[in-house]
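>>> okay, here's the prediction I keep looking at, along with the sequence it came from:
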Amino acid sequence: MDYFKLGIRMIVTLYVGTIAGCGSPPEGARVTGSVTLNGDPLPKATIVFRPMARATGQSTEGEVLDGKFDVRQESGVFGRHRVEIYAHRSAAQREPATQEPLPPGQQPPSGGSQVLPDQFNRFSSLTFDILPGENRADFELVSQLR
């Protein structure tokens, strides 16, 4: 057996495999869905997906309009995410803020006082697993507060 030819074949195979893997952008994800409050589409809000546990990385957020959202995640942070939904009254409807601020790096989107209870944002237990490619997430919020 010619060890020189075998060695050259192994090097060429590794080189071709490395080149084939280079230049491929990491696969992202898209999350589309709906948000309802007591059965009605949420008119305007912000939805935030925060990586949990082993899924470390930057949060992804998007706008909810008429109960629908479409969030694209180019960074490819997959796995379990905590979901936070913020709906604010406009400045004209603003009430005095009574909430304590969140810790650094956990600030809610600004824009007036919060309409939704903390259980859907600051202290949310909502979760969603983001997988590569297309994802569908529907959140049916139920609350006496409005």
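On my side now, so go ahead.

>>> and V83, how far is that from N38?
18 Å (Cβ to Cβ, to the nearest Å). For glycine as for every other residue, the C-beta is placed from the backbone atoms N, C-alpha and C.

>>> swap in D129?
26 Å.

>>> helices along the chain, start to end?
For the chain, applying DSSP state H gives helices covering 3-21.

>>> V83 and N38 - which one has more neighbours?
Between V83 and N38, V83 has the larger neighbour count (other Cβ atoms under 10 Å), namely 20 against 11.

>>> what's the closest non-adjacent residue to that one?
L126 (4.0 Å; Cβ to Cβ, 6 or more residues apart in numbering).

>>> what's the one you found sitting at in phi/psi?
Main-chain dihedrals, L126, degrees, to the nearest 10: phi -70, psi 130.

>>> count of residues packed around it?
17.

>>> what's the answer for E27, then?
11.

>>> same check, this time on G62
17.

>>> name the nearest residue to it, ignoring sequence neighbours.
The nearest residue in space to G62 (Cβ to Cβ, 6+ apart) is V71, at 3.6 Å.

>>> residue contacts, the one you found?
30-32, 47, 49, 60-62 (Cβ atoms under 8 Å, 6 or more residues apart in numbering).

>>> filter those residues to the buried ones?
Buried members of the contacts of V71, scored by 16 or more other Cβ atoms under 10 Å, are 31, 47, 49, 60-62.

>>> closest to G76 out of those?
Taking Cβ to Cβ as the measure, G76 sits nearest to T60 out of the buried ones among the contacts of V71, at 10.7 Å.

>>> pLDDT wise, what is V115 at?
For V115, the model assigns a pLDDT of 86.

>>> so it makes contact with T46?
No. Contact criterion Cβ atoms under 8 Å: V115 and T46 do not qualify, at 11.5 Å.

>>> now do the shared contacts for those two.
A87.

>>> re the thing from before, where is pLDDT lowest across the contacts of V71?
T60 (89).

>>> coming back round to it: what sits against the residue nearest to V83?
82-85, 120, 139.

>>> if you rank these by neighbours, which is first?
When neighbours are counted by other Cβ under 10 Å, F120 leads the contacts of L126 with 26 neighbours.

>>> quick one: contacts for that one?
84-85, 126, 141, 143.
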